[in-house]
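Chemist: Turn this into a structure:
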Amino acid sequence: VRLQAFGGGLVQAGSSLRLSCAASGLTFSSYAMGWFRQAPGKEREFVGRITWSGLSSYYADSVKGRFTISRDNAKNTVYLQMNSLKPEDTAVYYCAANLWSTYGYWGHGTLVTVSS
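Modeler: The predicted structure follows:
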């Protein structure tokens, strides 16, 4: 199983960025998908997740209204659209696959840096 997140970079506060996570080696459409992040010196935190069907998504309060998760099961890819970025959104972002409430597979992260 491989999860590869990409799309990070350096952006200014207020900008938008879209991360992608391409999955292989698993039946992608069977898994809920989550996004997490870890800022320097901090614990990893939940950002949001989307159900296997894509019909429902859930977000941390810190990103609600600014971030949107979507998925394309035909492309085995999940996305994280990040708008109105803030310096406190700076972190390494990870995607993870969830089956039966367990995140069993994790990808390598992609770094997002938001300058003020």
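Chemist: Tell me the spacing between the closest residue to Gly109 other than its chain neighbours and Ala5.
Modeler: Leaving out its chain neighbours, the residue that sits closest to Gly109 by CB to CB, 6 or more residues apart in numbering is Val92, at 3.8 Å. Where you see a C-beta, it was placed from the backbone N, CA and C, and this is true even at glycine. Note on Val92: its distance to Ala5, by CB to CB, to the nearest Å, is 9 Å.
Chemist: Just want to know which of these two has more residues nearby.
Modeler: Ala5 (23 against 18; other CB atoms under 10 Å).
Chemist: who does the residue nearest to Gly109 bridge with?
Modeler: For Val92, the beta-bridge partners under DSSP bridges are Gln38, Leu111.
Chemist: doesn't Gly107 make contact with it?
Modeler: No: checked against CB atoms under 8 Å, the pair Val92 and Gly107 is beyond contact range at 10.8 Å.
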